[in-house]
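> Provide a 3D model corresponding to the input given below.
(2 chains)
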Amino acid sequence: MRVMLNGLAAELADDATVAELVARHAASPKGVAVAVNAEVVPKSAWPQHHLADGDRVEMLKAAQGG
Amino acid sequence: MEPARPQAARGTSGAHPPELPDPLVIAGEPFNSRLIMGTGGAPGLDVLEDALIASGTEMTTVALRRIDPEAPGSVLDVIERTGARVLPNTAGCFTAAEAVLTAKLARDAFETDWIKLEVIGDEDTLLPEVTDLVDAAEQLVDDGFVVLPYTTDDPVVARRLESVGCAAVMPLGSPIGSGSGIRNPYNLAIIRELVRVPVILDAGIGTASDAALAMELGCDAVLLATAVTRALDPTRMALAMKHAVEAGRLAHLAGRIPRRLYAQASTTFDGLPALSPDPLLSSATYACHGPLTKERRGAP
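Purely as a prediction, here's the structure:
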């Protein structure tokens, strides 16, 4: 399946979870937050949350800011 | 203008030394430092860390942005080493809906329900969109957040933000990053009188005297970032800001003297000797009879 990860198309296995996606893209889950289709997916739900084709995923972390 | 005198100045009885603890309390949390330093604008994480430490800040802001695997280091690690509390912001949000979602993401990322709420209404001035700001603040307070809203210097909006349950109000001095200082000190003084929650001057600080003025006007704290991070020597400016905030706070508590048009002698004229050989020119005569006129000086 294909999802949009931070605005770019990404090919994932059909049963991919948010936890797997974070493990692949973030050095550590610390300080990371994920929204799928403009809804927060809390850390506690990452392992069970299976992504679907066409999902829009935003994977965020801390950045310097005022 | 005259800043409002504090309700209960310390030390008026002489019983309390001015160095007594004077914590800033936000939502029941005490802070010894009244300077909140943001992390935006620093040229590098090492510079940021030195400046944060020099500022003595106990709370610092971070933003949420898309993960960049190439980005070196972690701002969170830097903050952790300084021991400061993380205050996530909603910088870059233009609607209440975006800001509320960003706040919820920040809560999950940083395990804090504190949020610096920003809803921007204009790209050039970065001035707050206050209707969406109040709307977002209300939603977040209802969801259990400790909301610190970045707002205009409008006293009515500040009062509205307090009434929906914000833990502080954070009016701007002038536009974000402008370094223009406090453009409307009168409004800040009014806001301080109108609300009971802490008033934190947020945005516009350019140099130390701006921060001192904010505190002298009665603000409870100052939040700044670029005034330090984009200074030629950020660490030295951070130290300047620390001292400025402390000095301004002390001056506010001490209660400044009123401004006068004319001088007021600090040394008494009582007992002044007549030392001029010409009695008409003596200081004592001056004190008794006013300024020397041409006639008294004997001028043609």
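
> tell me how many other residues crowd the closest residue to chain A within chain B.
Per Cβ to the nearest Cβ, the residue of chain B with the smallest distance to chain A is B:Ala63, at 2.7 Å. The C-beta positions use only the backbone N, C-alpha and C, and glycine is treated the same way. B:Ala63 is flanked by 24 other residues according to other Cβ atoms under 10 Å in any protein chain shown.

> other SSEs contacting the helix or strand hosting it?
For B:Ala63, the element it lies in under DSSP states H and E is strand B:59-66. Of the remaining helices and strands, those touching strand B:59-66 by 3 or more Cβ pairs under 8 Å, 6 or more residues apart in numbering or on different chains; DSSP states H and E are strand A:56-64, strand B:35-37, helix B:75-82, strand B:85-88, helix B:96-110.

> highest average neighbour count across those?
Mean neighbour count (mean count of other Cβ atoms under 10 Å in any protein chain shown) peaks for strand B:35-37 among these, with a mean of 28.

> that one vs chain A: in contact?
No. Counting by Cβ under 8 Å from any Cβ of the partner chain, chain A is not contacted by strand B:35-37; separation bottoms out at 9.9 Å.

> any idea how far the helix or strand that comes right after that strand is from the middle of the chain?
Heading C-terminal from strand B:35-37, the first helix or strand you meet, by DSSP H and E, is helix B:45-55. How far helix B:45-55 lies from its chain's middle: 20 Å, per Cα atoms, centre = their mean, to the nearest Å.

> quick one: the top helix by length along chain B to helix B:45-55, angle?
For chain B, the longest helix by residue count, based on DSSP state H, is helix B:234-254. Per axes from the mean of the first three to the mean of the last three Cα atoms, to 10 degrees, the angle that helix B:234-254 makes with helix B:45-55 is 20 degrees.

> helix B:234-254 and chain A, any residue contact?
No. Under the criterion of Cβ under 8 Å from any Cβ, chain A is not reached by helix B:234-254; the shortest gap measures 12.6 Å.

> residues making contact with that helix?
Under the contact criterion Cβ atoms under 8 Å, 6 or more residues apart in numbering or on different chains, helix B:234-254 has outside partners B:3, B:6, B:9-11, B:18, B:22, B:33-35, B:37, B:42, B:47-48, B:50-52, B:54-56, B:205, B:207-209, B:211-218, B:221-222, B:224, B:227-228, B:231.

> for the residue nearest to B:Arg65 when sequence neighbours are not counted, list each beta-bridge partner.
Closest residue to B:Arg65 apart from its sequence neighbours, by Cβ to Cβ, 6 or more residues apart in numbering or on different chains: A:Ala63 at 3.9 Å. As for beta bridges, A:Ala63 partners with B:Ala63 under DSSP bridges.

> quick check: buried residues in stretch B:106-124?
B:106-110, B:113-121 (16 or more other Cβ atoms under 10 Å in any protein chain shown).

> cool, and stretch A:11-25?
Neighbour counts over stretch A:11-25 (16+ other Cβ under 10 Å) mark A:Leu12, A:Ala16, A:Thr17, A:Val18, A:Ala19, A:Glu20, A:Leu21, A:Val22, A:His25 as buried.

> now swap in stretch B:149-160 and tell me
Applying 16+ other Cβ under 10 Å to stretch B:149-160 flags B:Pro149, B:Tyr150, B:Thr151, B:Thr152, B:Asp153, B:Asp154, B:Pro155, B:Val157, B:Ala158, B:Arg160 as buried.
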